[in-house]
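Asks: Could you work out the structure for the sequence below:
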Amino acid sequence: MKQIDSLQADRKFKKTEIGEIPVDWEVREIGDICGVVGSSTQSPLVNEYWFQFFCIKLNKKKPKCPGSRNMFKEDSKKKIRSLKIPLPPLPEQRKIVEILTTFNVLIENKAEIIKKKDQLKRGIMQQLHTLSEQKKMATILAVIDNDIEKELDYKKKLDEIKQGLRQILLNGRVRVKK
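Replies: Here you go, the predicted structure:
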């Protein structure tokens, strides 16, 4: 994480209608930055848009979006378009996305490891064996269970670190190198 600058006393902030933000950041309405559409698609998020999504999540105003299912009514779209968010310079946005994406990859890899170890454990348990083999398998399964627990704990810690990073990166208190 050498891309992250440490907190410095000489950081300059400005007061805005959404709170204090770094002086080189802007306050912009979502509608000025991107389009707002209603959709029921289940397609995965695109990394480039995560930054704006996280800004919305951090914004104190929670938009109320009445509508049926995933469709926004037009007045809700207008409200979302008018939400104000902090907007860092583009190079800093890219670095923030890169850092958060790195954590997403780590978390996904941990989830895959956990899944494979669990499948291994289930495969071993489904086989019929003699009593002595069952005792050996019990020892092996205990080790696998322990490994799975460690992986789950590590994944949980990564999730917590990512959440904390997201909070401090998106309020400008910790900056990334451009």
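
Asks: Okay, now the unreliable bits of this structure?
Replies: Along the chain, the model assigns pLDDT under 70 to residues 1-10, 38-75, 128, 176-178.

Asks: Please enumerate the strands of this protein.
Replies: All strands of the chain, identified by DSSP state E, fall at 13-16, 19-22, 26-29, 84-87.

Asks: Can you lay out those as JSON lines showing mean neighbour count and distance to residue 101?
Replies: To be clear about C-beta, it is placed using only N, CA and C from the backbone, and glycine gets the same treatment. As requested, these are exported to JSON lines (neighbours: other Cβ atoms under 10 Å; distance: least, Cβ to Cβ, whole Å):
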{"stretch": "strand 13-16", "mean neighbour count": "12", "distance to residue 101": "27"}
{"stretch": "strand 19-22", "mean neighbour count": "17", "distance to residue 101": "22"}
{"stretch": "strand 26-29", "mean neighbour count": "14", "distance to residue 101": "22"}
{"stretch": "strand 84-87", "mean neighbour count": "20", "distance to residue 101": "19"}
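
Asks: how about those strands in CSV, adding distance to residue 172?
Replies: Shown next, in CSV, are the strands of the chain (distance: least, Cβ to Cβ, whole Å):
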stretch, distance to residue 172
strand 13-16, 7
strand 19-22, 4
strand 26-29, 11
strand 84-87, 7
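
Asks: next one: the biggest helix by length in the chain to chain centre, how far?
Replies: Longest helix in the chain, counting residues (DSSP state H): helix 131-170. Taking Cα atoms, centre = their mean, to the nearest Å, one finds helix 131-170 lying 19 Å from the centre of the chain it belongs to.
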